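[1] Coordinates only, no sequence provided:
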């Protein structure tokens with residue numbers, strides 16, 4: 001089995017695993033090509049820049065200082081069994097394991113249920129807009145399957161929606177929250193889209209990006225549908 005490929009590392013964070021002091025490992029490779037990707041350098045399934053053995057040694061030195069390790073990307077589950085095996089080894093050190101995922105690999109997620117303690121799942125748009133945003137026609141259905149897999153696990157998680165006004169409207173956001181409420185989702189994070197100005201074809205304005213957060217009626221509707229809603233401006 002090929003070693004896990006690590007393309008980035010954050011040594012300390014208080015926001016990537018709710019309520020835990022954590023480190024984040026960014027794995028290379030992603031099946032999606034999202035218009036607002038924040039880590040385009042990790043999209044290719046290339047060799048990582050960090051030696052997995054040395055990273056593991058470093059994690060051993062953080063036992064008792066950190067509480068969790070989050071696997072992000074790219075899409076961490078694209079590395080399949082290599083990622084799961086590394087997660088298990090890290091978990092055996094006593095860390096909680098978090099996963100940030102786009103949900104493209106529901107069967108891999110199912111195999112990792114016993115290894116992962118918390119998931120942050122990206123819900124990117126309505127079904128109709130998913131192909132334009134992600135470049136994949138099966139991404140929406142896979143994400144919904146991953147959502148259902150994790151709901152059945154009974155473990156803690158958060159669904160995250162990034163409000164890129166090129167791909168989400170207020171009515172879309174309300175539709176998504178209604179779907180999530182109907183499935184019993186209790187934790188939703190609504191995130192402001194922050195453009196990377198070096199990217200081409202940047203067409204959004206500050207007012208367009210803020211519209212979701214200054215509409216009190218919309219906020220009240222969503223807050224009343226989902227038990228815990230975080231508005232990340």
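    Received, thanks. Treat the numbers as computed from the prediction; the structure is a model and nothing was measured. Residues are numbered from 1 along each chain as shown.

[2] where do the strands sit along the chain?
    6-13, 22-27, 68-72, 96-101, 118-122, 156-163, 187-192, 228-232 (DSSP state E).

[3] neighbouring strands for the second one, and are they parallel or not?
    Applying DSSP bridges, strand 22-27 is found paired with strand 6-13 (antiparallel), strand 68-72 (parallel).

[4] What of the fourth one?
    Applying DSSP bridges to the sheet, strand 96-101 is found paired with strand 68-72 (parallel), strand 118-122 (parallel).

[5] ok, residues contacting the last one?
    Counting by Cβ atoms under 8 Å, 6 or more residues apart in numbering, strand 118-122 makes contact with 16-18, 68, 96-103, 109, 143, 146-147, 150, 155-162, 189, all of which sit outside it. To be clear about C-beta, it is placed using only N, CA and C from the backbone, and glycine gets the same treatment.

[6] Quick check: residue 224 vs residue 125, distance?
    22 Å (Cβ to Cβ, to the nearest Å).

[7] so who does the spatially most central residue of the chain touch?
    The residue lying closest to the centre of the chain (Cα atoms, centre = their mean) is residue 100, at 3.3 Å. Residues in contact with residue 100 (Cβ under 8 Å, 6+ apart) are 16, 70, 71, 72, 73, 76, 119, 120, 122.

[8] contacting residues for the third one?
    Yep, that's residue 71 we're talking about. 24, 25, 27, 83, 87, 97, 98, 99, 100.

[9] just the second one next, same as before
    Residues in contact with residue 70 (Cβ under 8 Å, 6+ apart) are 13, 16, 17, 22, 23, 24, 25, 97, 98, 99, 100.

[10] If we use 10 Å, what do you get?
    10, 13, 16-17, 20, 22-26, 76, 95-100, 118, 120 (Cβ atoms under 10 Å, 6 or more residues apart in numbering).

[11] what's across from the nearest residue to it once chain neighbours are set aside in the sheet?
    Closest residue in space to residue 70, ignoring its immediate chain neighbours: residue 98 at 3.8 Å, by Cβ to Cβ, 6 or more residues apart in numbering. Under the criterion DSSP bridges, residue 98 forms beta bridges with residue 70, residue 118.

[12] who touches residue 98 in this structure?
    Here residue 98 is in contact with 16-18, 20, 22, 24, 68-72, 87, 116-120, 156-158 (Cβ under 10 Å, 6+ apart).

[13] go again using 8 Å as the cut-off
    Per Cβ under 8 Å, 6+ apart, neighbours of residue 98: 16-17, 20, 22, 68-71, 116-120.

[14] In JSON lines, list these along with distance to residue 50 and pLDDT.
    Below are the contacts of residue 98 laid out as JSON lines (distance: Cβ to Cβ, whole Å; pLDDT from 0 to 100):
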{"residue": "16", "distance to residue 50": "17", "pLDDT": "95"}
{"residue": "17", "distance to residue 50": "19", "pLDDT": "97"}
{"residue": "20", "distance to residue 50": "22", "pLDDT": "97"}
{"residue": "22", "distance to residue 50": "17", "pLDDT": "98"}
{"residue": "68", "distance to residue 50": "18", "pLDDT": "98"}
{"residue": "69", "distance to residue 50": "13", "pLDDT": "98"}
{"residue": "70", "distance to residue 50": "15", "pLDDT": "98"}
{"residue": "71", "distance to residue 50": "13", "pLDDT": "98"}
{"residue": "116", "distance to residue 50": "21", "pLDDT": "98"}
{"residue": "117", "distance to residue 50": "23", "pLDDT": "98"}
{"residue": "118", "distance to residue 50": "23", "pLDDT": "98"}
{"residue": "119", "distance to residue 50": "23", "pLDDT": "98"}
{"residue": "120", "distance to residue 50": "21", "pLDDT": "98"}
